[in-house]
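> Any chance you can model this:
(2 chains)
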Amino acid sequence: MSVTDIVFILTAIVTVGSAVVVVVSRSLIYSVFSLLFTFFGVAVLYVFLGADFLAGAQVLIYVGGILVLLLFGVMLTHRLYNLNLTTERFQPVAGTLIAAAVFASISLAAFKTKWKLVGERELEPTTQQIGEAFLSSYLLPFEIASVLLLVALIGAAMLVRRRTDV
Amino acid sequence: MIELKYFLLISACLFSLGVFGVLTRRNAVNVLMGVELILNSANLNLVAFSRYSSTGIDGQMFAVFVIVVAAAEVAVALAIVLTLYRVLNTVNLDRADVLKR
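This next block holds a predicted model:
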């Protein structure tokens, strides 16, 4: 077992373990902060897969943006002097059964399927390839995604606007 | 080199945990966290297949677009949650069962 394997196993444990805390913990704040470790774990897994640009984007967007937004969501929807930011559970048995069935079917498919794999490819920087793909074969999706972001931005701002100052 | 199936296994774990969170949590922000877990697991699968198959960079491009959509989704969803809190004074999804009042 090489050092790479050990780091991979540790990353996997941290990622899945903190994801368990996210969905099981009763405290909302604990959930948000363990989501931080899950996102970082996924970023490290991207590094294992040779996706350097995506690992950076994961840290910047998920940890720097989405997580902060979620934290705002928790803080703004609860009174701050009320320190037990808890949430109740709903039908835990049925939820566990469905999640277990989903997990069993996906992992069975992952292990039983004969994947057509190519041999080991050497790692190379992907940022230039992604940038070139954005401006050549993916130009239309790229523009649509930028319009989508603009629409989402305006829509979010319009939704939280107070009706009285129209 | 780490085999593909271990990445798929981690992704399956994240996906089913996300499904569990969406199904069993009643707080809107918590449900959103479950959705984020599901999106991350899908992204992990895309990147893993892009690395281990001969499709080149396409899987990573899809992952970038998923991240973009996730950012837009969380912004709009939190705006809805904040509006819900202002109108109903709760973020419990069971109590948000009216369209108009």
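> tally of neighbours for residue B:65?
17 (other CB atoms under 10 Å in any protein chain shown). To be clear about C-beta, it is placed using only N, CA and C from the backbone, and glycine gets the same treatment.
> Quick check: which ranges of chain A have low pLDDT?
In the predicted model, chain A carries pLDDT under 70 at residues A:79-89, A:120, A:163-166.
> dump the residue contacts of residue B:6.
A:8, A:12 (CB atoms under 8 Å, 6 or more residues apart in numbering or on different chains).
> Actually, residue B:56.
Neighbour list for residue B:56: A:129, B:50 [criterion: CB under 8 Å, 6+ apart].
> do that again at 10 Å, thanks
Neighbouring residues of residue B:56 by CB atoms under 10 Å, 6 or more residues apart in numbering or on different chains: A:129, A:133, B:50.
> Of the residues you listed, which is the nearest to residue B:71?
residue A:133 (19.7 Å; CB to CB).
> Kindly confirm whether my reading is correct that the closest one touches residue B:55.
No. The criterion here is CB atoms under 10 Å, and residue A:133 misses it with residue B:55 at 12.0 Å.
> Could you pull out the residues contacting both of these two?
Joint contacts of residue A:133 and residue B:55 (CB under 10 Å, 6+ apart) are residue B:61.
> Looking at these two, which has the bigger crowd around it?
residue A:133 (19 against 14).
> which strands and helices sit next to the helix or strand encompassing that one?
Residue A:133 is part of helix A:127-134 when elements are defined by DSSP states H and E. In terms of contacts (3 or more CB pairs under 10 Å, 6 or more residues apart in numbering or on different chains; DSSP states H and E), helix A:127-134 is packed against helix A:52-57, helix A:139-160, helix B:58-88.
> how big is the angle separating the helix or strand just after the first one from helix B:58-88?
When you say that, I think you mean helix A:52-57. Remark: after helix A:52-57, the chain's next helix or strand is helix A:67-76, criterion DSSP H and E. Here helix A:67-76 points in a direction 10 degrees away from that of helix B:58-88 (axes from the mean of the first three to the mean of the last three CA atoms, to 10 degrees).
> my read: residue A:8 touches residue B:9, true?
No. Contact between residue A:8 and residue B:9 fails when scored by CB under 10 Å: they sit 11.7 Å apart.
> which residues touch the most centrally placed residue in chain A?
The centroid of chain A falls nearest to residue A:39 when counting by CA atoms, centre = their mean (5.5 Å). Residues in contact with residue A:39 (CB under 10 Å, 6+ apart) are A:15, A:18-19, A:58-59, A:61-64, A:66-67, B:36-37, B:40.
> And the buried ones among these, selectable in ChimeraX?
Buried members of the contacts of residue A:39, defined by 16 or more other CB atoms under 10 Å in any protein chain shown, are picked up in ChimeraX with:
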select /A:15,18,19,58,59,61,62,63,66,67 /B:36,37,40
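> farthest-separated two in the contacts of residue A:39?
A:19 and A:64 (19.5 Å).
> can you pull the contacts of residue 12?
Looking at chain A here, since you left the chain open. Here residue A:12 is in contact with A:41, A:44, A:45, A:48, B:2, B:6, B:7, B:9, B:10, B:13 (CB under 10 Å, 6+ apart).
> nope, chain B
So residue B:12 contacts A:16, A:102-111, B:5, B:41, B:44-45 (CB under 10 Å, 6+ apart).
> Looking at those residues, which is nearest residue B:73?
residue B:41 (15.4 Å).
> pLDDT score for residue B:9?
With respect to pLDDT, residue B:9 scores 93.
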